[in-house]
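Q: mind folding the following:
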Amino acid sequence: MKIALDPAMMQGRPVVDAVRATADAGYRHLEMGNRDDFIPAFKPMHASPAELRGFRDAAATAGVEIASVAVIQAWSSPDEDARKQAVAWWKDGIAAAVELGCRRINTELSGHPEQPDACRAAFLRSFEELLPVLEREDVELVVEPHPWDFIETTAAAVDLVKEVGSPRLRYLHCVPHTYYLGGGITEQVEYARGWFDHIHLADAFRPERTIINPPGITCRVHQHFDLGRGEIDWAEVRQALESVGFDGILTVQIFGWDDQAEQSFKSNLSAVERLFGLTG
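A: Sure thing, here's the model as predicted:
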């Protein structure tokens, strides 16, 4: 297994600082999430080829492998103009990942829960258009169901991956989404057996812990806390992964404590190493 870091809490600092912080915290693998000044979500590419190569070279110098790159666009939009634009930006994102020397992209379905059928149809059209590019560039996508998307559960996401039936598309299991993924952790991981080799690690509270105003508003409350700060049963996570022979990427993905980023990176690496008996 590889332990990777998504240095999302470095958003307010120069992008190359993400490489330094990853290496300084003891990680040897990095998952590059979206940044408005690098590879934005739902926007056109920001980084130039030269900037991408500079980031790649900085990672190589630091001894850090770029294990995954996030590309998130509105490719499941029922609005055909928006969908076509998203596919064009997706192609730029694939090119950026290749420029970074990375052949794995993590993503979301990026639809809407109130339009599941239209979003599913749009997603399938978009993936069909992108598949020749993925095959030519030898790039694999791993997609996670996300709270407030047209697919929110493990079972439905895995079923969609199976329906597509391409080796270029696999499932990503996001542990802090546990309380929206349907059933318990063991059931989720067992359902996804053989269809995933990438996980996001963070803690979360049960949604009912949060008071929402005004009452009755439709939303999805979830967090990405430091491991041990929430209510995820980490012993069950470990046992579930062991039961399916998981041997992939474990990405630490914490949000919300930018002023404590470096401390969080280090403490969560230690927590993952203890939990799984690994080294970064």
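
Q: when you work out contacts or count neighbours from here on, use the C-alpha atoms and nothing else.
A: Will do.

Q: which SSE is the nearest residue to Ala25 once chain neighbours are set aside in?
A: In space, not counting the residues next to it along the chain, Ala25 is nearest to Lys266; the distance is 5.0 Å by Cα to Cα, 6 or more residues apart in numbering. If you go by DSSP states H and E, Lys266 is part of helix 261-276.

Q: now find how far off-centre that helix is within its chain.
A: 18 Å (Cα atoms, centre = their mean, to the nearest Å).

Q: could you check how far the residue nearest to Ala25 is from Val252?
A: As judged by Cα to Cα, to the nearest Å, Lys266 and Val252 stand 10 Å apart.

Q: and those two? Which one has more around it.
A: Val252 (26 against 16; other Cα atoms under 10 Å).

Q: that older thread, can I assume the residue nearest to Ala25 is in contact with Ala23?
A: No: look at Lys266 against Ala23 with Cα atoms under 8 Å: they stay out of range, at 10.2 Å.

Q: just the strands in the stretch 51-200 of the chain please.
A: 65-70, 104-108, 140-144, 169-174, 196-201 (DSSP state E, counting those that start in this stretch).

Q: could you dump these into CSV and include distance to Pro214 and mean neighbour count?
A: Formatted as CSV, the strands of the stretch 51-200 of the chain follow (distance: least, Cα to Cα, whole Å; neighbours: other Cα atoms under 10 Å):
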stretch, distance to Pro214, mean neighbour count
strand 65-70, 33, 25
strand 104-108, 28, 22
strand 140-144, 29, 24
strand 169-174, 28, 25
strand 196-201, 31, 22
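
Q: redo those strands as TSV? Include distance to Leu278.
A: Shown next, in TSV, are the strands of the stretch 51-200 of the chain (distance: least, Cα to Cα, whole Å):
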stretch	distance to Leu278
strand 65-70	17
strand 104-108	22
strand 140-144	23
strand 169-174	19
strand 196-201	15
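
Q: which one of the ones you listed lies nearest to Asp57?
A: Within the strands of the stretch 51-200 of the chain, the stretch nearest Asp57 is strand 65-70; the backing value is 10.3 Å (Cα to Cα).

Q: got a list of contacts for the closest one?
A: Contact with strand 65-70 is made by 4, 28-34, 39, 56, 59, 97, 100-107, as judged by Cα atoms under 8 Å, 6 or more residues apart in numbering.
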